[in-house]
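**Student:** build me a structure from this.
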Amino acid sequence: MRRLLPLAAGLAAMAAAVGCGGGSAPPAGSVVVKLTEYKFDPNQITHAHGSITFFLENDGTAAHDMTISDTAGKNQIAASELVQPGNDSIFQVNLPTPGTYPFKCTQPGHADSGMTGTLTIT
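**Tutor:** Okay, here's the model as predicted:
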């Protein structure tokens with residue numbers, strides 16, 4: 001049992017580090033998007049239809065998210081978790097239909113300050 005305790009403590013520490021994000025490596029093939037006040041970088045993204053993995057890195061000082069709307073810009077179809085400053089998050093979306101999908105940060109005042117973008121699905 002004594003040998004298992006240090007192993008369990010080490011595994012718990014690794015799990016906590018992965019869960020927090022902050023400095024994780026982007027998954028292979030993911031689209032890296034940096035979040036800051038008040039912009040997405042990049043804010044114009046083109047991707048093939050189907051499954052998309054976004055790797056969101058919050059390099060800002062406020063919490064941010066990424067919310068994608070339908071091509072009419074009226075209905076939210078996907079939303080990331082709220083990413084705290086210094087953290088990162090994996091956001092997966094399936095968009096089978098080509099078109100232009102607007103995205104924004106839904107935190108109060110962020111979209112109005114310019115935190116918006118366009119996702120073009122081919």
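
**Student:** for stretch 100-115, which residues meet the burial criterion?
**Tutor:** For stretch 100-115, the neighbour count (16 or more other C-beta atoms under 10 Å) marks 101-107, 110-111, 115 as buried. Bear in mind the C-beta positions are built from the backbone N, C-alpha and C, glycine included.

**Student:** ah, wrong one, I meant stretch 50-60
**Tutor:** In stretch 50-60, counting by 16+ other C-beta under 10 Å, buried: 52, 54-58, 60.

**Student:** farthest-apart pair in the buried residues of stretch 100-115, please.
**Tutor:** Comparing all pairs in the buried residues of stretch 100-115 by C-beta to C-beta, the longest separation belongs to Tyr101 and Gln107, at 19.3 Å.

**Student:** find the nearest non-adjacent residue to Cys105, please.
**Tutor:** Of all residues beyond its chain neighbours, the one nearest Cys105 is Met115 (4.0 Å), with distances taken as C-beta to C-beta, 6 or more residues apart in numbering.

**Student:** return the helix or strand in the chain with minimum mean pLDDT.
**Tutor:** When the helices and strands of the chain are compared on mean pLDDT, DSSP states H and E, helix 4-20 comes out lowest with a mean of 39.

**Student:** now the helix or strand hosting Asn94: mean pLDDT?
**Tutor:** Per DSSP states H and E, Asn94 falls inside strand 88-95. Averaged over strand 88-95, pLDDT sits at 97.

**Student:** separation between the residue nearest to Cys105 and Asn94?
**Tutor:** Using C-beta to C-beta, to the nearest Å, Met115 is found at 24 Å from Asn94.

**Student:** got it, and Phe103?
**Tutor:** 15 Å.
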